[in-house]
Structure formats: C-alpha cells, structure tokens
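take this sequence and fold it.
(one chain, ligands or ions: 1)
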Amino acid sequence: MKVTAIANSNIALTKYWGKRDKKMMLPFAGSVSMTLDSMFTKTTVEFDSKYDRDIFVLNGKELKDGEEYEEVVDHLNLIREMAKVKEHARVVSENNFPTAAGLASSASGFAALSLAGSKAAGLNLDERGLSILSRRGSGSASRSIAGGFVHWHRGEKEDGSDSFAEQIASPDHWDIRMVVAVTTKAEKKIKSRAGMAQSVDNCPYYSQWVKECEKDIENVKKAVRKKDFKLLGKTAEMNCLKMHAVMMTTSPPIIYWTPSTIEVVTAVLSWREEGLECYFTIDGGPQVKIICQGKDAEEIERRLKNMGVAKETHICKIGGPAKVVEDHLF
Ligand code: PMV
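Residues are numbered from 1 along each chain as shown. You can find the predicted model right below:
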C-alpha cells in the first residue's frame with residue numbers, strides 16, 4: 001500500500017537537549033513546543049517486493065548512502081519489525097522550507113515518515129503510538145504528531161512507553177505566532193544528535209540545565225492555560241538562552257549563532273523596550289524565531305525586512321496535527 005502524510009514542524013518553547021538513552025531516544029528533560037502551520041514535510045511511503053533496497057528521495061534528490069539515508073533505513077527497519085513486513089520501501093519526501101538549518105526539518109520529517117510508513121506497513125497506531133515511533137527517529141519529531149501546543153513527557157520507563165508527546169492546547173486556543181527570520185539557508189555543521197551527546201558528556205552546567213527545564217515547562221504550561229503572553233515569552237526566551245549557554249560551554253564549543261542571529265536578537269530586545277511585545281527563540285542553527293501575538297506579527301515582519309539581514313521571513317500560525325492525504329508524491 002502507498003500512503004502519504006503531512007506533518008508540520010514544531011519549535012520548542014522549552015528545549016530538548018540531551019538524551020538519557022541514545023538508542024531509545026529518551027530525553028533527560030521533557031519539553032514543550034508550538035506546532036507551525038506553514039512549515040511542513042510531505043512524505044509518501046510504499047512497501048513493495050519490487051524494490052530490492054530502500055530508496056529515499058529528499059527534495060527531488062535520491063540519497064543512496066550517508067547518515068540521513070541510514071537514519072531513514074533504521075526507521076523503516078523499526079516499522080518493518082513492528083508490522084512484521086519484509087518488503088523494502090520507496091520513500092519520497094519534500095520539505096517546503098530549508099532542510100537541516102535549525103527549522104526542525106527532522107521533526108516534521110520523522111513525524112511524516114512515521115505516519116505514512118506505519119500506515120503503509122498496515123499498522124494503525126494511535127496518537128501516542130505515533131509519537132513514540134516518531135521519537136525513535138528524532139526526539140523533536142515526537143512533538144510533530146499532535147498539533148497545537150504540545151508537551152513531550154520525559155517519562156520514567158526504560159522501554160520508552162511513557163515518553164511521548166500530547167497536546168496541551170489546540171491550535172485555536174490562542175493566537176500566538178512565530179515570525180521566522182531565515183538568516184542563512186546553509187545546512188548546519190553540527191547535527192543536534194552529536195552536539196547534545198557532547199553536552200551531556202562534558203558541559204559543566206548540564207545537570208542544572210535539566211533542573212531548569214522542569215521549572216520552565218511548568219511556567220510555559222501555565223502561561224498557555226492562562227494566555228499569559230509575558231510569562232510565555234519570558235520563559236521561552238530564557239530557556240533558549242540557557243540551552244545555548246550549555247551548547248557554548250560544551251567542549252568543543254557548539255556555536256550556532258552568526259552575526260545576523262545576534263543582530264536580530266538585539267533588535268527584538270530593543271523593540272520590546274519600545275513596547276512591541278515579542279521574544280526570540282533559536283534552535284540548532286542561526287535562524288531566529290520571534291514569538292508574538294497575532295496582532296503584532298505583520299509589524300514585526302516589516303521591521304525584520306527593513307533590517308535586511310533575513311534571506312526570508314515567514315509568519316507562522318499554530319499548526320494542526322499530522323495527517324494522511326490523498327495526493328501521493330509518486
Ligand atoms: O530531535 P532533534 O535531533 O531534532 O533535536 C532537537 C534539538 C533542538 O531543536 C535544539 C531543541 C528542540 O527541542 O527542538
């Protein structure tokens with residue numbers, strides 16, 4: 001059977017940086033994210049005996065080997081094991097935004113692959129099962145299944161059955177936006193998987209980071225519940241800075257920021273001082289995402305464009321859950 005799925009990317013408001021179990025992809029801390037409506041991955045999967053190896057085409061280019069190909073094959077193996085199927089698969093995937101540049105392409109990518117792949121293999125997983133399967137491909141992908149504001153639980157169990165993400169508020173609960181400033185389209189040099197393992201290994205502040213995350217999660221959840229924008233923005237911005245402090249104090253240092261990143265960050269701080277309420281967050285790349293209320297999104301995008309540092313800007317609303325669609329990519 002051939003199945004196609006679309007999954008939105010998500011941006012963490014409190015970040016995930018470090019695993020307690022690398023194979024099972026179990027995090028040291030939980031995290032909370034916002035799903036983005038206009039940045040997504042579309043993936044078609046077909047298992048068939050006519051294929052003599054797994055085929056993976058990403059954004060029109062076939063990847064025949066290398067890390068990304070191997071990660072997809074590992075994920076297909078997991079699905080084959082669960083569904084007890086033996087056939088190889090053809091996977092065709094498209095991102096409508098720059099891949100591997102700190103815009104959570106692995107999140108939407110593995111969520112779309114998990115939904116399309118599991119269905120194509122004959123499985124009918126529920127939302128929790130899909131989140132757990134997506135997590136095995138990429139931690140942040142566990143948060144791209146449910147839609148809206150999402151909480152990925154750290155969980156306690158070794159088998160990972162309680163480490164899944166669930167929705168804490170639906171997309172229409174609150175009109176919060178992210179204005180994304182793409183400062184470069186180049187792929188990042190340090191993949192998050194390798195970077196976070198180094199931080200766990202040698203960052204002197206790592207255990208404090210984990211403690212901070214638990215507090216920040218509670219504050220973000222409270223902010224969402226009460227629609228307290230100041231609490232949401234302040235907590236998310238500070239959590240991002242704490243994560244980058246951990247990254248920068250890892251050996252060798254992990255520095256994703258470029259001069260343009262800092263230009264946008266300082267602009268956000270000064271706009272806020274002028275009374276335009278907005279906050280920044282940054283992931284494993286130089287892009288800056290500005291968190292704001294719906295009413296301010298266009299003004300923020302206008303100011304960003306005037307600065308001339310962003311190659312592209314996007315206003316993202318809160319996105320919905322991953323879904324199966326009818327129009328296949330092959
Ligand atoms: O699951 P990964 O490998 O995409 O790691 C995500 C790491 C960050 O984007 C930096 C933080 C996060 O929680 O999304």
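
tell me where the stretch 101-250 of the chain has helices.
Shown for the stretch 101-250 of the chain, the helices assigned by DSSP state H, counting those that start in this stretch span residues 105-120, 127-137, 192-202, 206-226, 229-248.

winner for burial among those?
Mean neighbour count (mean count of other CB atoms under 10 Å) peaks for helix 105-120 among those, with a mean of 29. To be clear about C-beta, it is placed using only N, CA and C from the backbone, and glycine gets the same treatment.

what pairs with the lowest-mean-pLDDT helix or strand in the chain, and is each one parallel or antiparallel?
In the chain, no helix or strand scores lower on mean pLDDT, DSSP states H and E than strand 312-316, which sits at a mean of 92. If you go by DSSP bridges, strand 312-316 pairs up with strand 176-182 (antiparallel).

just the C-alphas of the strand it pairs with, formatted as CSV.
Taking Å, rounded to 0.1, in the frame of the first residue of the first chain, the C-alpha atoms of strand 176-182 are listed here in CSV:
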residue,chain,number,x,y,z
ILE,A,176,0.3,33.2,19.0
ARG,A,177,2.6,33.4,16.0
MET,A,178,6.2,32.8,15.2
VAL,A,179,7.9,35.2,12.8
VAL,A,180,10.8,33.2,11.4
ALA,A,181,13.9,35.0,10.2
VAL,A,182,15.9,32.7,7.9
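
give me the mean pLDDT for that strand.
Averaged over strand 176-182, pLDDT sits at 95.

how close does whatever residue of the stretch 201-330 of the chain ends up closest to the ligand sit to residue 240?
Of all residues in the stretch 201-330 of the chain, residue 283 sits closest to the ligand, at 3.7 Å by CB to the nearest ligand atom. Note on residue 283: its distance to residue 240, by CB to CB, to the nearest Å, is 8 Å.

pull up the overlap in contacts between those two.
residue 15 (CB atoms under 8 Å, 6 or more residues apart in numbering).

so, low pLDDT: which residues of the stretch 1-150 of the chain?
For the stretch 1-150 of the chain, the stretches with pLDDT under 70 are 98-104.

enumerate the residues of it near the ligand.
12, 15, 16, 17, 31, 106, 107, 138, 139, 140 (CB under 6 Å from any ligand atom).

and these, which are buried?
Neighbour counting by 16 or more other CB atoms under 10 Å classes 12, 15, 16, 17, 31, 106, 107, 138, 139, 140 among those as buried.

for the second one, give me its contacts.
Meaning residue 15. 31, 213, 239, 240, 243, 283.

same question, the last one
By CB under 8 Å, 6+ apart, residue 140 lies in contact with 10, 12, 16, 31, 33, 104, 106, 107.

for the last one, what are its contacts?
Residue 107 sits next to 7, 9, 10, 138, 140, 141, 143, 144 when contact means CB under 8 Å, 6+ apart.

which helix or which strand is home to the third one?
In this structure, residue 10 sits in strand 2-14 according to DSSP states H and E.

so what touches the least confident helix or strand of the chain?
Here strand 312-316 makes contact (CB under 8 Å, 6+ apart) with 36-39, 97, 177-182, 185, 297-298, 301, 304-305.

centre of the chain to that strand, how far?
Relative to its chain's centre, strand 312-316 lies at 16 Å (CA atoms, centre = their mean, to the nearest Å).

just stretch 176-194 next, same as before
Offset of stretch 176-194 from its chain centre (CA atoms, centre = their mean): 10 Å.

do the same with stretch 31-49
10 Å.

cool, and stretch 215-232?
Relative to its parent chain, stretch 215-232 has a centroid offset of 20 Å by CA atoms, centre = their mean.
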